[in-house]
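**Q** this one's sequence-less:
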Ligand SMILES: Nc1nc2c(ncn2[C@@H]2O[C@H](COP(=O)(O)OP(=O)(O)OP(=O)(O)O)[C@@H](O)[C@H]2O)c(=O)[nH]1
Ligand SMILES: [Mg+2]
C-alpha cells in the first residue's frame with residue numbers, strides 16, 4: 001500500500017546533479033556571425049542551460065516535498081519522529097538558498113559574457129561560473145542526501161487519513177483486537193507500515209450510511225506497559241493520540257489471552273492517562289466464555305453477543321465527532 005500518498009521525486013546527489021547539468025551543457029554549440037560571436041552565443045547558452053537544469057531540479061524538490069510545520073497533530077508528530085522537522089526544514093531552506101544563488105550567479109555571468117569582447121575572458125567567466133555553481137551544489141550535498149532519505153521515510157508513513165474520524169483499538173495481545181476490527185470492517189483490513197512496530201498497523205473501514213470511518217488496530221503499540229518503552233516508542237504512541245477520536249479498550253475477562261485482569265486493568269489505567277481527553281469505550285471480549293457484570297460492554301465476535309450494542313456505542317461518539325469536524329471545515 002502506498003505511504004501517506006506524498007508524491008516526491010527521487011533526489012539526486014550533488015555529484016549526480018552536477019553531472020546532469022554538465023552533460024546537458026556540453027552538448028551545446030552555437031554558430032555566430034564570426035568566431036567571437038559564436039563563442040559568446042555558445043557560452044551564453046551553456047551557462048543558461050546548466051544553471052536552469054539545476055535550479056529547475058532544486059525548485060522541483062521545494063515544490064514537491066510537503067510543507068511541514070511543527071504542530072501537535074498526527075502527521076507532523078510522526079514526521080518529526082521519523083525525519084526530524086527542524087532538520088527537514090533546514091534542508092529545504094538550504095536547497096532554496098542554493099537555487100536562488102545559482103540563479104543570481106547565472107544572471108551575473110551572462111551579463112559579464114555579453115559585456116566582453118575578449119575570447120579568453122569569455123572562457124574564464126564560463127569556467128568560473130561552473131566552479132562557483134559546483135561549490136553551491138557541494139555545499140548542500142548533505143541536505144540533498146538527507147532529503148533523499150526523507151523521501152524514503154515519507155513513503156513508509158502509514159496511509160491513514162487524519163481527516164477521517166478514527167477509532168483506535170487497544171488492549172493486551174490476544175484479547176481479540178484483530179477479530180473485532182475484522183468483524184466491524186467492510187472489507188479485509190489493510191496492513192500499513194508504522195514507525196517502530198514491525199507488525200504495522202491494521203486499518204479497517206466502517207461504513208455508516210454514506211460515511212466511512214477508520215478503525216485501527218495497533219499491534220505492539222498499545223498492548224504493553226508504557227514504562228517498558230523507550231522515548232521513541234513513547235512518541236510513536238503519542239502521535240497516535242492525535243489520530244484517535246474514540247478508543248475502544250478491550251479487556252479479556254476469560255484471561256485466555258494470557259494476562260490476568262490485574263495486569264489488564266493496569267494497562268487500561270496507563271492508556272487512560274496517556275490518552276486523556278480521548279473518549280475511551282471500555283469493553284470486555286469473549287463473552288461466550290466469561291461474561292461479567294461490571295458495567296462495561298460485553299461482546300463476543302464468536303457468538304455475536306453484544307455486537308449491535310457495541311457498534312452503536314462506537315458509532316455514536318464517532319458520528320458526533322464527524323459532525324463537529326464537518327462544522328469545523330465549513331468554518332475555514
Ligand atoms: N471464544 C472466543 N475467542 C475469541 C473471540 N475473539 C477472539 N477470540 C480468539 O482470541 C484469540 C486472539 O484474537 P485476536 O483477534 O487475534 O487478538 P488480538 O488482540 O488481535 O491479538 P494480537 O494481534 O496478538 O495483539 C484468537 O484465537 C481468537 O480466535 C471471542 O469473541 N470468543
Ligand atoms: Mg491482532
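**A** Ah, there it is. Every value quoted in this text rests on a predicted model; they were computed, and no experiment measured them. Ligands and ions are numbered 1, 2, ... in the order given.
**Q** wait, a helix at residue 272?
**A** Yes: secondary structure assignment (DSSP: H, G, I helix; E, B strand; the rest coil) places residue 272 inside a helix.
**Q** in this structure it contacts residue 280, no?
**A** Yes: contact status for residue 272 versus residue 280: in contact at 6.1 Å, counting by C-beta atoms under 8 Å. No exception for glycine: its C-beta is placed from N, CA and C like everyone else's.
**Q** more neighbours: those two, which one.
**A** Neighbours were tallied for residue 272 and for residue 280 using other C-beta atoms under 10 Å; the higher tally belongs to residue 280 (17 against 14).
**Q** pull the contacting residues for the closest residue to that one other than its chain neighbours.
**A** Distance criterion C-beta to C-beta, 6 or more residues apart in numbering; nearest residue to residue 280, sequence neighbours excluded, is residue 247 at 4.6 Å. The contact partners of residue 247, by C-beta atoms under 8 Å, 6 or more residues apart in numbering, come to 167, 168, 169, 170, 271, 275, 278, 279, 280, 281.
**Q** are any of these buried, and if so which?
**A** Under a neighbour-count criterion of 16 or more other C-beta atoms under 10 Å, the subset of these counted as buried comprises 167, 168, 169, 170, 271, 275, 278, 280, 281.
**Q** out of the residues you listed, which are inside strands?
**A** Secondary structure of those is defined by DSSP state E; positions in strands are 167, 168, 169, 170, 280, 281.
**Q** and of those residues, the nearest to residue 16?
**A** Residue 16 has its nearest neighbour among these in residue 168, at 42.1 Å by C-beta to C-beta.
**Q** any idea how far the residue lying closest to the closest one once chain neighbours are set aside lies from residue 313?
**A** For residue 168, ignoring the flanking residues on the chain, the nearest one in space by C-beta to C-beta, 6+ apart is residue 244 at 4.3 Å. Summarising the geometry, the distance separating residue 244 from residue 313, computed by C-beta to C-beta, to the nearest Å, is 16 Å.
**Q** give me the more crowded residue out of the two.
**A** Higher neighbour count among residue 244 and residue 313: residue 244, with 22 against 17, using other C-beta under 10 Å.
**Q** and that one, how far from residue 34?
**A** Computed as C-beta to C-beta, the residue 244 to residue 34 distance reads 74 Å.
**Q** about what we covered before: touching, the residue nearest to residue 168 and residue 169? I think so.
**A** No: contact status for residue 244 versus residue 169: not in contact, 9.9 Å apart, counting by C-beta under 8 Å.
**Q** that older thread, farthest-apart pair in the buried ones among the contacts of residue 247, please.
**A** Spatially, the most separated pair among these is 167 and 271, at 14.1 Å (C-beta to C-beta).
**Q** residue in the protein with the shortest distance to ligand 2?
**A** Closest contact between the chain and ligand 2, by C-beta to the ion, is at residue 178 (3.1 Å).
**Q** near that residue, how many other residues are there?
**A** Around residue 178 sit 17 other residues, with neighbours defined as other C-beta under 10 Å.
**Q** helix or strand next in line after the helix or strand hosting it, which one?
**A** Using DSSP states H and E, residue 178 sits in helix 177-184. Downstream of helix 177-184, the first helix or strand assigned by DSSP H and E is strand 190-194.
**Q** given that following strand, what are its sheet partners and their directions?
**A** For strand 190-194, the pairing partners within the sheet under DSSP bridges are strand 197-208 (antiparallel).
**Q** of the buried ones among the contacts of residue 247, closest to ligand 1?
**A** Closest to ligand 1 out of the buried ones among the contacts of residue 247 is residue 169 (8.0 Å), distances taken as C-beta to the nearest ligand atom.
**Q** I'd assumed residue 213 was in contact with residue 318.
**A** Yes: contact between residue 318 and residue 213 holds when scored by C-beta under 8 Å: they sit 5.3 Å apart.
**Q** and for the two, which residues touch both?
**A** Taking C-beta under 8 Å, 6+ apart as the contact criterion, the common neighbours of residue 318 and residue 213 are 165, 167.
**Q** number of nearby residues for residue 290?
**A** Residue 290 has 15 neighbouring residues, counting by other C-beta under 10 Å.
**Q** any idea which element it lies in?
**A** With the criterion set as DSSP H and E, no secondary-structure element contains residue 290; it sits in neither a helix nor a strand.
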